[in-house]
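Participant: one predicted model, sequence on top.
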Amino acid sequence: MTKTLPLLLLLLISITALAEPPQSFSQAKKIATEIYADHQVSFYCGCSYARIENKLTPDLQSCGYIPRKEPKRASRIEWEHVVPAWAFGHQLQCWQDGGRKNCRKTSEKFRLMEADLMNLVPAIGEINGNRSNYSFAMLEGEPRVYGACDFEVDFKARKVEPAPEVRGDIARVYWYMRDTYGLKISDKQQKLFEVWSKLDPVSGWETERTGRIESLIGFSHK
């Protein structure tokens, strides 16, 4: 931890001088890695992770994670969009004209949305892949298939249920994307998020993370 803090502080100083958000997903992932440099915990499962041979590697035993089908992908940390790229992208004309690749080429708004640090969290690769672009919901009777990790997927219904301790974070990220970019949220999800936000209030780390992002991009999130 003591080794990563100086790197984080240097990054904050250098990027704050730019006072602008990252312009690409690849740039955002590099910055996000440093934002979490002294809080290396995966979002959905609470696994600790560390940089090993230039790769972010989760300690699966730290959270009791057992790979469902993809041990190789479960052995790395990936940067997950809480609001999937499909969810905000398909609402744009560029997506209708050619999908994600076309949006990256033709839409500055999409590039900013895809690179928005508020919407990026570290996740075990297998969880990121299984979540896909599924929407969040409350599921009944879903068995645990990732060991002790409290993350459930209904592949047929294309729904996922996260652990109680991150549900409020998810709700507030969705609202941020709605207020910042005009993301449309269904009435059903809005009601669910209101409950989640109330039951899972803002934590100390969520406040710290938001503050760091605000410092980096030079304006306050509303």
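Facilitator: Structure's in. What do you need? Numbering: from 1, shown residues only.

Participant: right, and V82 touches W175 too?
Facilitator: No. Counting by CB atoms under 8 Å, V82 stays clear of W175, with 11.1 Å between them. Every C-beta, even on glycine, is put in place using the N, C-alpha and C of the backbone.

Participant: more neighbours, these two?
Facilitator: V82 (25 against 17; other CB atoms under 10 Å).

Participant: and the more buried one, what does it touch?
Facilitator: Neighbour list for V82: 119-121, 169-170, 173-174 [criterion: CB atoms under 8 Å, 6 or more residues apart in numbering].

Participant: any idea which of these is closest to S24?
Facilitator: Nearest to S24, judged by CB to CB, of the contacts of V82 is L120 at 12.4 Å.

Participant: tell me the helix or strand right after the top helix by length along the chain.
Facilitator: Criterion DSSP state H: the longest helix present in the chain is helix 164-181. Next helix or strand after helix 164-181 toward the C-terminus (DSSP states H and E): helix 187-199.

Participant: which pLDDT does the model give the residue lying closest to E206 once chain neighbours are set aside?
Facilitator: Closest residue to E206 apart from its sequence neighbours, by CB to CB, 6 or more residues apart in numbering: D169 at 5.7 Å. Here, the pLDDT recorded for D169 equals 98.

Participant: circling back to that earlier point, give me the helices and strands touching the longest helix of the chain, please.
Facilitator: helix 108-114, helix 187-199 (3 or more CB pairs under 8 Å, 6 or more residues apart in numbering; DSSP states H and E).

Participant: so who does K29 touch?
Facilitator: Going by CB under 8 Å, 6+ apart, K29 touches 79, 120.

Participant: one more pass at 6 Å, please.
Facilitator: W79 (CB atoms under 6 Å, 6 or more residues apart in numbering).

Participant: residue contacts, I213?
Facilitator: 117-118.

Participant: apply 10 Å and report the result again.
Facilitator: Residues near I213 by CB atoms under 10 Å, 6 or more residues apart in numbering: 21, 31-32, 35, 116-118, 120, 221.

Participant: hang on, the earlier thing: buried set for the longest helix of the chain?
Facilitator: 166-178, 181 (16 or more other CB atoms under 10 Å).

Participant: now stretch 124-132
Facilitator: For stretch 124-132, the neighbour count (16+ other CB under 10 Å) marks 124-131 as buried.

Participant: list the contacts of the residue of the chain most remote from its centre.
Facilitator: No residue in the chain sits farther from the centre than D97, which is 26.2 Å out by CA atoms, centre = their mean. By CB under 10 Å, 6+ apart, the contact set of D97 is 103, 106-107.

Participant: off-centre distance for stretch 32-48?
Facilitator: The chain centroid and the centroid of stretch 32-48 are separated by 10 Å, computed with CA atoms, centre = their mean, to the nearest Å.
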